[in-house]
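1. following is a predicted model, sequence given first.
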Amino acid sequence: MSWQDRFASALQQRKEAHLLRQRQTLQSPQSTHVTCGSSQLLNFCSNDYLGLANTGGEDLARAAQEWQFGSGASHLVCGHSRAHHDLEDALAEFSGYPRALLFSTGYMANVGVISALAQRGDLILQDKLNHASLLDGAQLSRAKMTRYRHCDYQQLNELLEDATGDCLVVSDSIFSMDGDLADVARLAALSQQHNALLMIDDAHGIGVLGQHGQGVREHFNLSQDALPVYIGTLGKALGGYGAFVAGSEELIEYLIQFSRSYIYTTAMPPAVAQAMLGNLERAKDNKLRETLTNRIEQFRSGAKARGLPLMASESPVQPLLTGASDRALRISDRLKNQGIWISAIRPPTVPQGEARLRVTLTAAHTAEDIETLLTALESAFAGDES
């Protein structure tokens, strides 16, 4: 089979299984109301949980005047600027660790950290529903990886008891497609009991969890020692771009020396790093989290009253299970015809038979927006009983 035949065959299989992904092109900035093509849509599929993606433009403009555009090199050559360093210091203070290290994306952070920490002969234990970047990082490390059943801490304990050698335990905090929260306090206790290193990807928790939005460690009131490797993203609740790992002085220095996705890539534009300081300050506003909590409660109570297929989530990620991929696509299309944008999530992102609509709520949505959403969902699901 030629390369072209391989491409054509794979694409055809995706189409026939209703799994072909297609990009949607925005004509407007990210917000609760967006222009997509020629349509005006009420947006319920971004990860902009605090509504900060549509802020910071003035910060970025001022930073660009000072720093211009590119960083010019990797951090370890000549691309590390005062702007990067200031943001790292601010992120360390915000997350409550001695140091933080910037990465260009959350994917690069997870891949780079896991592949640097674990080596051939080590064991990595991961939740079955962990993000793809966490799984890919484990594969690159060449360590042995075992996936325990989703949030099954009894099975995790048994695996830890049987483990020999060094062990790294890895989990998301809020799981991106189900919206549920890992029991990170129990993960910390098990890891400490078995002398394993714990790493948590708090991509969907930072800015959302904790009284001050400092994430999953604040939410569970854990010490730095209990959660020694902390990953956060800047592109979701913080409304910007990039990611970071926070931890001890020794951890960060080790990653600077050995994390390939940090060492061998151009640093993010310094203007972006400096502008992120503004959004980090805005994320400290507890009123945003209060509003977000109210929107989540309004949606869940309204969805239950309408008999919608809610999953067990108290986070801004509120999936509605449809089962079949074609059904998820049909309902998503019906909603778009009503001016509501919700993505249909299908395999391989979720398991076979567990396609869903992934509703994401933000502090920028109004109570009226939620009522509009609920009415549209009730109509769209009622029109599809297959």
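-> Yep, that arrived. Numbers count the residues shown, from 1 in each chain.
2. and the strands in this structure?
-> All strands of the chain, identified by DSSP state E, fall at 33-36, 39-43, 99-103, 123-127, 144-148, 167-172, 197-201, 229-233, 243-247, 317-323, 340-341, 343-345, 355-360.
3. and those strands as CSV, adding distance to Q65 and mean pLDDT?
-> Yep, even glycine has a C-beta here, placed from its N, CA and C like the rest. Converted to CSV, the strands of the chain look like this (distance: least, C-beta to C-beta, whole Å; pLDDT from 0 to 100):
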stretch, distance to Q65, mean pLDDT
strand 33-36, 28, 93
strand 39-43, 31, 93
strand 99-103, 21, 98
strand 123-127, 44, 98
strand 144-148, 47, 97
strand 167-172, 38, 98
strand 197-201, 35, 98
strand 229-233, 27, 98
strand 243-247, 25, 98
strand 317-323, 37, 94
strand 340-341, 35, 96
strand 343-345, 37, 91
strand 355-360, 34, 95
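4. so how far is S315 from the closest residue to L320 other than its chain neighbours?
-> Excluding the flanking residues, the one nearest L320 by C-beta to C-beta, 6 or more residues apart in numbering is L357, at 4.5 Å. L357 sits 16 Å away from S315, going by C-beta to C-beta, to the nearest Å.
5. with neighbour numbers in mind, choose between the two.
-> Of the pair L357 and S315, L357 is the one with more neighbours under other C-beta atoms under 10 Å, namely 27 against 22.
6. for the more buried one, name its beta-bridge partners.
-> L320, A344 (DSSP bridges).
7. in this structure it contacts I340, no?
-> No - L357 is not in contact with I340 according to C-beta atoms under 8 Å; the separation is 10.0 Å.
8. just to revisit the earlier point, okay if I get the strands of the chain as a markdown table plus distance to K304?
-> Shown next, in a markdown table, are the strands of the chain (distance: least, C-beta to C-beta, whole Å):
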| stretch | distance to K304 |
| --- | --- |
| strand 33-36 | 26 |
| strand 39-43 | 21 |
| strand 99-103 | 39 |
| strand 123-127 | 27 |
| strand 144-148 | 31 |
| strand 167-172 | 25 |
| strand 197-201 | 30 |
| strand 229-233 | 30 |
| strand 243-247 | 35 |
| strand 317-323 | 11 |
| strand 340-341 | 19 |
| strand 343-345 | 21 |
| strand 355-360 | 14 |
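9. still on that earlier bit, residue contacts, the residue nearest to L320?
-> Applying C-beta atoms under 8 Å, 6 or more residues apart in numbering, we find L357 in contact with P319, L320, T322, A328, I331, S332, L335, I342, S343, A344, I345, L377.
10. and the two most separated of these?
-> Farthest apart among the contacts of L357 by C-beta to C-beta are I345 and L377. That separation is 15.2 Å.
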